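**Q** turn this into a model:
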Amino acid sequence: MVGAFPIYITCNRGSQEGNLVNPIFTWYQSLLPTGLLKMAFQSSSASPAAFFPITFLPTNEKLSRANFPSWRAQVLSALRGSQLAMFIHPGAEAPSPFLPREKGQEDSKEPPKPNPEFEEWVAKDQMVLNYLFSNMSKEILGQVNSEVTAAGVGGH
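**A** Predicted coordinates for the structure are as follows:
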């Protein structure tokens with residue numbers, strides 16, 4: 001099967017605890033990129049809990065001049081489902097790259113401390129930007145490929 005990948009299930013029961021098994025899965029196996037689906041069976045419950053990292057499936061069609069409403073619906077659904085729709089809002093702003101200095105240390109010679117929320121925000125924003133770019137036709141991409149944030153593309 002072209003594009004197929006192994007899906008690993010972590011067993012938490014008996015002597016198999018922590019062992020990875022590679023069962024045979026069905027058609028959806030070829031639709032998801034490597035590492036997207038990881039299912040863990042809890043010892044207290046027979047039902048699996050799925051873990052999906054922030055990732056997106058492609059839209060049915062790349063954005064063109066003729067399909068904006070259906071493309072937008074698919075993109076918004078994916079972004080809202082991943083709780084990332086805020087990144088395409090024109091008013092989206094990154095947090096400060098540095099943590100504020102503590103009171104009384106405003107004049108300190110010590111370099112400012114990096115803000116971990118800033119790095120996380122940039123990483124998520126760039127993931128959303130990449131998702132938008134990868135779901136655009138060459139014609140549309142040529143009009144927005146100079147944007148450096150998802151909000152810049154969302155504002156077009």
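**Q** okay, CA-based contacts and neighbour counts for the rest of this
**A** OK.
**Q** I'd like to know which elements the lengthiest helix in the chain is packed against.
**A** Among the segments of the chain that qualify as a helix by DSSP state H, the longest is helix 116-134. In this structure, helix 116-134 packs against helix 150-154, with contacts taken as 3 or more Cα pairs under 8 Å, 6 or more residues apart in numbering; DSSP states H and E.
**Q** so what touches the helix it packs on?
**A** Applying Cα atoms under 8 Å, 6 or more residues apart in numbering, the set of residues contacting helix 150-154 from outside is 87-92, 125-126, 128-129, 132, 144, 147.
**Q** please redo it, this time with the cut-off set to 6 Å
**A** With contacts defined as Cα atoms under 6 Å, 6 or more residues apart in numbering, helix 150-154 is touched by 87-90, 125, 129.
**Q** ok, now stretch 108-121?
**A** With Cα under 6 Å, 6+ apart as the contact definition, stretch 108-121 has outside contacts at 95, 97-99.
**Q** before we move on, what about stretch 93-102?
**A** Stretch 93-102 is contacted by residues 113-115, 118 when judged by Cα under 6 Å, 6+ apart.
**Q** okay if I get those residues as TSV plus pLDDT, distance to residue 72 and neighbour count?
**A** Listed next are the contacts of stretch 93-102 as TSV, based on pLDDT from 0 to 100; distance: Cα to Cα, whole Å; neighbours: other Cα atoms under 10 Å:
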residue	pLDDT	distance to residue 72	neighbour count
113	91	39	11
114	94	35	13
115	96	33	14
118	97	27	16
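**Q** which one of these is nearest to residue 67?
**A** The shortest distance between residue 67 and any of the contacts of stretch 93-102, using Cα to Cα, involves residue 118 and amounts to 34.4 Å.
**Q** state the number of residues packed around the closest residue to residue 75 other than its chain neighbours.
**A** If the residues on either side of it in the chain are set aside, residue 75 comes closest to residue 59, at 7.0 Å by Cα to Cα, 6 or more residues apart in numbering. The tally of other residues near residue 59 (other Cα atoms under 10 Å) stands at 19.
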